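Visitor: Kindly return the folded structure for what I paste below:
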Amino acid sequence: MDSTCVTTPFGRRAMSFGVLATQFAAQKNKKIEAVDKWKLYRSVCEARPLLGVTDRSLAVLNALLSFYPKNELSSEAGLVVFPSNTQLSLRAHGMAEQTLRRHLSALVEAGLIIRKDSPNGKRYARKHRGGEISEAYGFSLAPLLARKAEIEELAERIVSERLDLQRLRENISLCRRDIQKLCEMIAASGEVETFEGFQTRYNAIAGSLGRNSKPAELREIAGFLASLRAEVTNYLENIEKSEKTGGNDCQNERLIKNSESESISERQDLREPATVAPASTASTQPAYVAPVSAKASPQSTKPVLHKQFFVPDIVLVLKACPDISLYAPGGTVTGWRDLEVATSVIKTMFNISQSAYQDALVTFGRQGTAAILACLLQKADQISSLGGYLRNLTRKAQEGGFDVQTMLLAQLRGRKDTMEANMLS
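Guide: Purely as a prediction, here's the structure:
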C-alpha cells in the first residue's frame, strides 16, 4: 500500500525539510519488526515533553491508531489510515474540525505521521478485484515505526528523571522529619539556645523549598539538609558520649539528691545532740553520727532508683491548661514530647533555676513536671515566682502533702467555674 516515493502535500501546504527528512527516515527503516501500536503509543505519551507535542495532539494520534485495523504496526501490512475528518473528530472526543487540523499539522511537524495526499486531496483507498487495498491516501504511521527505538529511549529517560526527582523529594522529606524530631530531643533536654539555633537554620533552608523547584535546586537543598542533620546528630552523639563517660545520668542525679538529703539529716542530727545531750557527749557524738547516716544511705537509694512516677492523662492536662499549647512546636501539642518542649521554653522564660527543675524531675518525673509547669503557666498572673512555687510543691510532695492529679482536677474545675461565670455575666 505504501509508495516508496516522496510525497508532497496537496494544495497550498508547503513542503519543508523536516517533513522530507521524516519521509527519508521512514523509507530507510522498512524492515523493522512489527510492534504493538498501543505499547508504542504509551511510549509516545511518556516522551511527550521531548517530542514537542501536546496532550490534545496525542488524543488525535490515538484516534488515528484506532483506525489501523491490526494491533501491531507492520510495514508489510501497510501503514496508511484514511479516516474522514468527521469520523476522526468523533474518535477524538468530538474535537472541532479547525482544532483537529491544527493538531494533525503538529503531529506532522513533530515527525510522528506523514501526509500522503491524493491527487485531489481526498482520503481514500483503491482495492484490487479480490478486495485487497492496492493504494491508500491519508496519513502514514510509518514514522512511528521508524522512530520506535528513539521514542522508547526518550520515554525511558523521562521515566528515569521522574523517578530520580521522586527519590530526591522523598530524601528531602526524610531529612526534614529527622531534623525536626532530633531538634525536639534537644529542646526537651533543656538546651533551648542550641535548639533555637538549629531551628533557625532549618527554617531558612525549608523556606527556600518551593512546589515547582527545579531538580538542581532540590539537590542543593537536599545537600544543606543532610549537612544540618549530620550536625544535629553529632551534637546528640556528643551528649550521649558525655553521659556515658560520666556514668548513668539518672543514677548520678538521684545519688546527688540523696547525698544532699543525707547532709541535711546529718546537720539535723548534729543539732539535736547539742540541745538534748550533755556537753560531754556533744563533743564526741558528732564524730560518729555521719558514718551511721552514710551507711543508711545505700538502703534509702534503692527504692529511689526503681521509683515509678505517676503519669497524668495528657488530655486532662490540655483541658485544664490550654495555654501551654501556644509554646509547643507548631502551636499544638500532639504528645508528651511536644509538651516537654513547651515546658522547657516556659522554664527559660520564667527563669526557673536548674536546681528547682531537677528537684521536680526527681520527685515527679518528666511528665509530672511538665504537667505542673503547665498548671503554673495557666495561673502565672497569680504567682510572683514560678521557681519558688515549684520548689514549694516539690517539698510538699516529698512530705506527702501534694498530688499532681488533685492539682489538675482543681485547675479544671476552676476553669469551668470561670467559664460559667462569664456566660452568666
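
Visitor: Gly207: what's it in contact with?
Guide: Contacts for Gly207 (Cβ atoms under 8 Å, 6 or more residues apart in numbering) come out as none. Using the backbone N, CA and C atoms, a C-beta is placed for each residue, glycine as well.

Visitor: Can you give me the distance of it to Ala226?
Guide: 17 Å (Cβ to Cβ, to the nearest Å).

Visitor: and the host helix or strand of Leu182, what other elements does it pack with?
Guide: Using DSSP states H and E, Leu182 maps to helix 148-188. The contact analysis (3 or more Cβ pairs under 8 Å, 6 or more residues apart in numbering; DSSP states H and E) places helix 148-188 against helix 37-46, helix 48-51, helix 192-207, helix 215-245, helix 336-349.

Visitor: Which residues in the following helix or strand past the last one does the neighbour count mark as buried?
Guide: Towards the C-terminus, the helix or strand next in line after helix 336-349, according to DSSP H and E, is helix 354-378. Buried residues in helix 354-378, counted by 16 or more other Cβ atoms under 10 Å: 356-378.

Visitor: got the residue ranges for the strands in the stretch 1-150 of the chain?
Guide: 35-36, 72-73, 80-81, 114-116, 124-127, 133-140 (DSSP state E, counting those that start in this stretch).

Visitor: Any idea which of the ones you listed has the lowest pLDDT on average?
Guide: Mean pLDDT per stretch puts strand 124-127 lowest among the strands of the stretch 1-150 of the chain, at a mean of 75.

Visitor: Any chance you could list what contacts that strand?
Guide: Strand 124-127 has contacts (Cβ under 8 Å, 6+ apart) with 1, 80, 82, 118, 133-138.

Visitor: List the buried residues in that strand.
Guide: Counting neighbours by 16+ other Cβ under 10 Å, strand 124-127 gives Ala125 as buried.

Visitor: Show me the strands paired with that strand, marking each as parallel or antiparallel.
Guide: Strand 124-127 sits in its sheet next to strand 133-140 (antiparallel), going by DSSP bridges.

Visitor: and the helix holding Leu182, average pLDDT?
Guide: The model assigns helix 148-188 a mean pLDDT of 90.

Visitor: Looks like Thr343 contacts Gly368 (just checking).
Guide: No: Thr343 is beyond contact range of Gly368, at 10.9 Å (criterion: Cβ atoms under 8 Å).

Visitor: pLDDT wise, what is Ile205 at?
Guide: Looking at Ile205, its pLDDT stands at 88.

Visitor: Show me where the stretch 201-350 of the chain dips below the pLDDT cut-off.
Guide: 243-308 (pLDDT under 70).

Visitor: and with 80 instead?
Guide: Across the stretch 201-350 of the chain, the ranges flagged by pLDDT under 80 are 239-310.
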